[in-house]
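1. just a sequence and a predicted model for now, questions to come.
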Amino acid sequence: CLGIEKNGYCPSEKTVVAAIDSEIRTATGKLVFTTISSTISRFQIAIDSCIKYGRKIAIIGRSVEQNIEAAAKTGFVKIPAGALIKPQQINNFPPNKVGILVAGAQGQSGSALHRLANNEHKLARLKKGDKVIMSSNAIPGTGNDADIFDIMDTLYKNGIEVVYSGTTENLHVSGHGYKG
């Protein structure tokens, strides 16, 4: 199914820390980060790196908002006081001081990432020099590969740098176990 056919053990989430940190460190404009909305530990990695490099954090997308809020209430996500901003405040900061966590890693039409890519989001706009980190792969069997690549193509055409597992090693690990 999603990993059981592979021998050995699935790598730890810790294997993505250095790659995510490096991509956030080298971002010169707005930084957008997306992964599967329930991958709370990966969002924490992005939050930690954004804070490390002086970026405020905004969250856009219902599933990400709900999951991070629930994780924060239960202590699974830690966001220092003053680090979180409302999406309406994004434009109050220089682009290189903003990290935006968004829903839409699977290319869902109408998602925050889809609307940002198509310049349709009412609270945020991306422009040349911004970076999108896609720390997930298409879920096998869903047929959404084309949707993901359409969003990536749109971002590229607009001068947005896009990094994903095809361009950056160790940017994603599966959340599903291997044979062992």
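-> The structure has been received and is ready for your questions. Just so you know, these numbers come straight off a predicted model, no measurement behind them.

2. mean confidence for stretch 38-51?
-> Taken as a whole, stretch 38-51 has an average pLDDT of 94.

3. may I have that stretch as PDB, with CA atoms only?
-> Provided in PDB are the C-alpha atoms of stretch 38-51 (Å, rounded to 0.1, in the frame of the first residue of the first chain):
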ATOM      1  CA  SER A  38      -2.000  16.300  10.000                       C
ATOM      2  CA  THR A  39       1.800  16.000   9.900                       C
ATOM      3  CA  ILE A  40       2.200  18.100  13.100                       C
ATOM      4  CA  SER A  41       5.800  17.300  13.700                       C
ATOM      5  CA  ARG A  42       6.800  18.600  10.300                       C
ATOM      6  CA  PHE A  43       5.000  21.800  10.900                       C
ATOM      7  CA  GLN A  44       6.800  22.100  14.200                       C
ATOM      8  CA  ILE A  45      10.100  21.700  12.300                       C
ATOM      9  CA  ALA A  46       9.100  24.600   9.900                       C
ATOM     10  CA  ILE A  47       7.900  26.700  12.800                       C
ATOM     11  CA  ASP A  48      11.200  26.200  14.700                       C
ATOM     12  CA  SER A  49      13.300  27.200  11.600                       C
ATOM     13  CA  CYS A  50      11.100  30.200  10.800                       C
ATOM     14  CA  ILE A  51      11.600  31.500  14.300                       C
END
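
4. where along the protein do the strands fall?
-> 31-34, 56-60, 98-102, 131-134, 161-163 (DSSP state E).

5. how close does the most centrally placed residue in the chain sit to residue 131?
-> Among the residues of the chain, the one closest to the centroid is residue 34, at 1.7 Å (C-alpha atoms, centre = their mean). According to C-beta to C-beta, to the nearest Å, residue 34 and residue 131 sit 12 Å apart. Where C-beta positions appear, they are placed from N, C-alpha and C, glycine not excepted.

6. sorry, back to before: so for the residue nearest to the centre of the chain, what's the pLDDT?
-> pLDDT, read off for residue 34, is 92.

7. could you find the closest non-adjacent residue to residue 21?
-> Leaving aside its chain neighbours, residue 21 sits nearest to residue 49 (4.5 Å; criterion: C-beta to C-beta, 6 or more residues apart in numbering).

8. how many neighbours does that neighbour have?
-> 23 (other C-beta atoms under 10 Å).

9. repeat that for the one 10 residues further on.
-> By the other C-beta under 10 Å criterion, the neighbourhood of residue 59 contains 24 residues.
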